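Chemist: Dropping the sequence and predicted coords here.
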Amino acid sequence: MPETRPTTVLVVDDDAFIRATTGTVLKSRGFEVLQAGNGLEGLDLFRARRPDLLIVDLKMPVMNGLDLLSHLSDVIERVPVLVISGEGGLDEAVKALRLGAWDYLVKPIVSPTVLHHAVDKALERAALIRENEEYRLGLERQVQQRTLELQKANLELEHQFLKQQKLGIIGTIAGGMAHDFNNILSSVVFSAELVRGAIEAGEAPDQEDLERILRVCQRGTSLIRSILHFTGKMHEEFTRFPIRDAMLEALEIIRGTTPQHIAIEASLDPEPGALFGDPVHLQQILMNLTNNAVHALAGSPDPRIVITVRRHSDQDPELLVTDPDSVLTVITVSDNGPGIPDEDLPRLCEPFFTTKPKDEGTGLGLFVTQKIVKTLRGKLRFARNESGGLTVQVCLPASPHAPAESAEAAAPPEIMGCGERILVVESDPEVRAATCACLTRLGYEPIPADSPGRGVETVAAKPGRLDLVLTEDGTAGQTEELCAALSAAGSQAPVVLASASPTPGLTVRPARVCRVISKPVDLGALGRALRHCLSRSPRKI
């Protein structure tokens, strides 16, 4: 058991006899007694020893008892003070009590029992105050800990709901993607058949057929990347991004997943500004609002959704906090459905409030949407429109200028080669043949290999003949093995990784990998990537 120190009592009195007799009485009860002859000595002794109780005389030289109480005003609420005086009257007693004294005794104290009773009562009260304080602090700590636990649990629930919400949207997207890709493949097949028919007939292919194949393939590439971008499968970092580009990607998904009988009208300002954050968040806002509009339009004649993105030059303090360095960008989603009753408009973002049937809505969609809007420092507003439907405004403080293009994008390098020898590592024979044909068209000499293992053999057999390696992202470790083989053979050829995955499977990107490009890639982008890496290579070509 830990040792408990005795209760310490400080007796402040200019009469030595009173101090001695009072000390004797208290020591008989096991108290440790400290003594001071005036208020100044008592103040110094109190600050040095921090006693549990004070017994103070009022009439003393140097510093009297009332002045001592004034100096101890910040601790008297917790440390009991008994005032003892033989000369003061009622006025002094009242002054002492107002300054924080706990009790007032009159000299001479005729019986030790009176002093014992006053001391015990004061110490019991002090102990009760300490217990209440400790209990209060304990409760505050428990409340703080529980609050942190609830906040953590709330964040986890929000993250889980965001994932579930995305999965629900992805289910809707899947049907639209099948429809779009079937149309894309139909265009490719029909156009390719027309080109083949013209060649077989000895005629020149129609340029429009060839251009159509490229256009629809680019549309398919854009659609895939938009889906991967939205679902978070592509690597994302918080950055400054143009609002228009993110909205166009989202609109492409929306048009492909919205029922065809619902008209989608969109109007975007040419330069609505830029935001700092994750573009997926902005796209999710638009997807959530559009999905709500689609549900609201069920059974409506001539259903229509209007989406606008407008940049406002004047600040509006009702929409967002005025920021002289920002512009106001408002994204509006309107429908001509039955609308929402006026009394329900203020509740739309409340958690678990929904106007949908119980089996169709969770009441969390707009709650999460509002949370995302707040992360972008914006506001969400709802109003009935002229057609009776609902209009939702997403008001965002945006940077007035879109991110500047990189120097490479602003001034693309020459894409043609000068006969450099390129090792092409690709397992798919069709892709390998097409890649080699494109490299030949660009002025390079391709050396095909059907696997990283064969590529390693080629490196070992002809290290000096290689200027660059273009390889697919194979199984784990194969790219690293290929780079190690290049180093072992003394080749300084840079490596370009062509990945069909949204996130290339490299645990650590080897220093030799000069660039990672995503499949599918067009002729111009491939040529620019190769010239970029060859221009940085120390090998003379």
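Modeler: Good, I have the coordinates.
Chemist: Where is the longest helix in this protein?
Modeler: helix 112-200 (DSSP state H).
Chemist: In terms of secondary structure, what does it contact?
Modeler: helix 16-27, strand 53-57, strand 81-85, strand 103-106, helix 207-231, helix 243-257, helix 279-296, helix 365-375 (3 or more CB pairs under 8 Å, 6 or more residues apart in numbering; DSSP states H and E). Any C-beta I mention is one placed from the backbone N, CA and C, and that applies to glycine too.
Chemist: Which one of the ones you listed has the poorest average confidence?
Modeler: Among the helices and strands packed on helix 112-200, helix 207-231 carries the lowest mean pLDDT, a mean of 70.
Chemist: is it true that Ile331 lies in a strand?
Modeler: Yes - assessed with DSSP: H, G, I helix; E, B strand; the rest coil, Ile331 lies in a strand.
Chemist: which residues touch it?
Modeler: Taking CB atoms under 8 Å, 6 or more residues apart in numbering, we find Ile331 in contact with Ile243, Met247, Ile285, Leu286, Ile307, Thr308, Val309, Gln393, Val394, Leu396.
Chemist: Just the buried ones out of those, please.
Modeler: Neighbour-count burial (16 or more other CB atoms under 10 Å) applied to those gives Ile243, Met247, Ile285, Leu286, Ile307, Thr308, Val309, Gln393, Val394, Leu396.
Chemist: of the residues you listed, closest to Asn336?
Modeler: Nearest to Asn336 among the buried ones among the contacts of Ile331: Ile307, at 13.2 Å, using CB to CB.
Chemist: helix, strand or coil for the closest residue in space to that closest one that isn't next to it in sequence?
Modeler: Nearest non-adjacent residue to Ile307, counting by CB to CB, 6 or more residues apart in numbering: Ala266, 4.6 Å away. At Ala266 the chain is in strand, as set by three-state DSSP.
Chemist: What is the burial count for Ala266?
Modeler: 15 (other CB atoms under 10 Å).
Chemist: ok, it to Ser111 distance?
Modeler: 95 Å (CB to CB, to the nearest Å).
Chemist: Pretty sure the residue nearest to Ile307 sits against Arg304.
Modeler: No - the pair Ala266 / Arg304 is not scored as a contact, 11.6 Å apart, by CB atoms under 8 Å.
Chemist: Let's check: the centremost residue of the chain is which one?
Modeler: A centroid search over the chain (CA atoms, centre = their mean) returns Thr375, at 7.5 Å, as the residue closest to the centre.
Chemist: ok, what's across the strand from Leu468?
Modeler: Ile422 (DSSP bridges).
Chemist: for Leu275, that is, sorry about that
Modeler: Phe241.
Chemist: what sits against it?
Modeler: Counting by CB under 8 Å, 6+ apart, Leu275 makes contact with Arg240, Phe241, Ile243, Leu282, Leu376, Leu396, Ala398, Ser399.
Chemist: Switch these over to a markdown table; also include distance to Leu123.
Modeler: As requested, those are exported to a markdown table (distance: CB to CB, whole Å):
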| residue | distance to Leu123 |
| --- | --- |
| Arg240 | 66 |
| Phe241 | 68 |
| Ile243 | 70 |
| Leu282 | 65 |
| Leu376 | 59 |
| Leu396 | 63 |
| Ala398 | 66 |
| Ser399 | 66 |
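Chemist: rewinding a little: and the longest helix of the chain, how far from the chain's centre?
Modeler: Distance, stretch centre to chain centre, for helix 112-200: 11 Å (CA atoms, centre = their mean, to the nearest Å).
Chemist: Show me the shaky parts of the stretch 251-400 of the chain.
Modeler: In the predicted model, the stretch 251-400 of the chain carries pLDDT under 70 at residues 313-324, 351-352, 355-364.
Chemist: Please name the nearest non-neighbouring residue to Glu420.
Modeler: Nearest to Glu420 is Asp467, by CB to CB, 6+ apart, at 3.9 Å.
Chemist: That neighbour and Gly419 touch, don't they?
Modeler: No - at 9.0 Å, Asp467 does not count as touching Gly419 under the criterion of CB under 8 Å.
Chemist: what touches both of the two?
Modeler: By CB under 8 Å, 6+ apart, no residue touches both Asp467 and Gly419.
Chemist: out of those two, which sits in the busier spot?
Modeler: For Asp467 versus Gly419, neighbours defined as other CB under 10 Å are more numerous around Asp467 (24 against 9).
Chemist: and this protein, what are its domains?
Modeler: 8-110, 242-398, 412-536 (automatic domain parsing).
Chemist: Val188: which of those domains is closest?
Modeler: Taking the domains of the chain one by one with CB to CB, domain 412-536 is closest: 12.3 Å.
Chemist: mind checking how far the closest one is from the chain centre?
Modeler: 37 Å.
Chemist: State the mean pLDDT of that domain.
Modeler: Across domain 412-536, the average pLDDT comes to 80.
Chemist: Just confirm Thr15 contacts Lys59, I think it does.
Modeler: Just so we're on the same page, residue 15 is Asp rather than Thr. No - look at Asp15 against Lys59 with CB under 8 Å: they stay out of range, at 9.7 Å.
Chemist: And Gly299, which helix or strand is it part of?
Modeler: Of the helices and strands defined by DSSP states H and E, none includes Gly299.
Chemist: In contact with it, which residues?
Modeler: No residues are in contact with Gly299 under the rule CB under 8 Å, 6+ apart.
Chemist: and the closest residue to Lys27 other than its chain neighbours, what helix or strand is that in?
Modeler: Counting by CB to CB, 6+ apart, Lys27 lies nearest to Val33, which is 5.7 Å off, once chain neighbours are set aside. Under the criterion of DSSP H and E, Val33 resides in strand 32-36.
Chemist: for that strand, packing partners?
Modeler: Checked by 3+ CB pairs under 8 Å, 6+ apart, strand 32-36 has strand 8-12, helix 16-27, helix 39-49 packed alongside it.
Chemist: Distance of Val294 relative to Ser499?
Modeler: Counting by CB to CB, the separation of Val294 from Ser499 is 35 Å.
Chemist: what's the residue nearest to the centre of the chain in contact with, if anything?
Modeler: Gly277, His281.
Chemist: before we move on, what about Leu43?
Modeler: Met63, Leu68, His71, Leu72.
Chemist: what about 10 Å?
Modeler: Val12, Ala36, Met63, Asp67, Leu68, His71, Leu72 (CB atoms under 10 Å, 6 or more residues apart in numbering).
Chemist: repeat for Cys418
Modeler: Gly443, Tyr444, Asp467, Arg531, Leu534, Ile541.
Chemist: which of those residues count as buried?
Modeler: Buried, going by 16+ other CB under 10 Å: Tyr444, Asp467, Arg531, Leu534, out of those.
Chemist: hmm, back to that, what do Asp15 and Lys59 both touch?
Modeler: Contacts common to Asp15 and Lys59, judged by CB under 10 Å, 6+ apart, are Gly86.
Chemist: Tell me the spacing between the residue nearest to Glu420 and Thr332.
Modeler: 54 Å.
Chemist: where does Thr435 fall, helix, sheet strand or coil?
Modeler: Strictly by three-state DSSP, Thr435 counts as helix.
Chemist: cool, the one 3 residues further on as well?
Modeler: Secondary structure, three-state DSSP: Cys438 is helix.
Chemist: residues touching it, list them.
Modeler: Val424, Tyr444, Pro446, Val521, Asp522, Leu523, Leu526, Gly527.
Chemist: Just the ones of the residues you listed in helices?
Modeler: Members of these lying in helices (criterion: DSSP H): Leu523, Leu526, Gly527.
Chemist: Could you give me the PyMOL syntax to select whichever of the residues you listed are buried?
Modeler: Here is the PyMOL command that selects the buried residues among these (16+ other CB under 10 Å):
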select buried, resi 526+527
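Chemist: Could you provide the ones in helices among the contacts of Cys438 in CSV, with additional columns for distance to Arg255?
Modeler: As requested, the ones in helices among the contacts of Cys438 are exported to CSV (distance: CB to CB, whole Å):
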residue, distance to Arg255
Leu523, 28
Leu526, 30
Gly527, 32
